[in-house]
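Visitor: Prediction below, plus the sequence it came from.
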Amino acid sequence: MSMFKKIAVWFAALFAATTLMTAYAADPLIEQAKAQGIVGERYDGYLGIANPGSASAEVKRKVDETNSGRLAEYTRISQKTGDPVATVAAAMALKLFANAKPGEVLKAGPTDPWKQQP
């Protein structure tokens, strides 16, 4: 695949993924949990439980459901671009971090603490 075509496929795939992520993130329960700092975006493109003691079983179920949907979309994009799923997911994490709202929590790396977005 030519470099130009690969870049075009990447942009199209990321646009589709962004649309999908918006749909998944628009779940009112997830949005509320994000606003409360219970759930946040992780460095690997998936949601994480930032405050396990405050996360209800329903919130945990919704996080798992959202992450399953994200994995399916990352896999689809990976198959289109030929890039590893982890690379696709990490690229989406950058976009999700850039779009994080003030007060939401983010985990920038595997050993990093959760930090609140200013």
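Guide: Sure thing, it's come through.

Visitor: any low-confidence regions in this structure?
Guide: 1-25 (pLDDT under 70).

Visitor: now the helices: where do they sit in it?
Guide: 3-25, 28-35, 57-81, 85-98 (DSSP state H).

Visitor: Off-centre distance for the longest one?
Guide: Using C-alpha atoms, centre = their mean, to the nearest Å, the mean C-alpha position of helix 57-81 is found 8 Å from that of the whole chain.

Visitor: elements contacting that helix?
Guide: Packing contacts for helix 57-81, counted by 3 or more C-beta pairs under 8 Å, 6 or more residues apart in numbering; DSSP states H and E, involve helix 3-25, helix 28-35, strand 47-49, helix 85-98. For every residue, glycine as well, the C-beta is placed using N, CA and C.

Visitor: what does the shortest one give?
Guide: For helix 28-35, the elements it packs on are helix 3-25, strand 39-42, helix 57-81, judged by 3+ C-beta pairs under 8 Å, 6+ apart.

Visitor: the inter-axis angle of the longest one versus helix 28-35?
Guide: Pointing back at helix 57-81 there. 100 degrees (axes from the mean of the first three to the mean of the last three C-alpha atoms, to 10 degrees).
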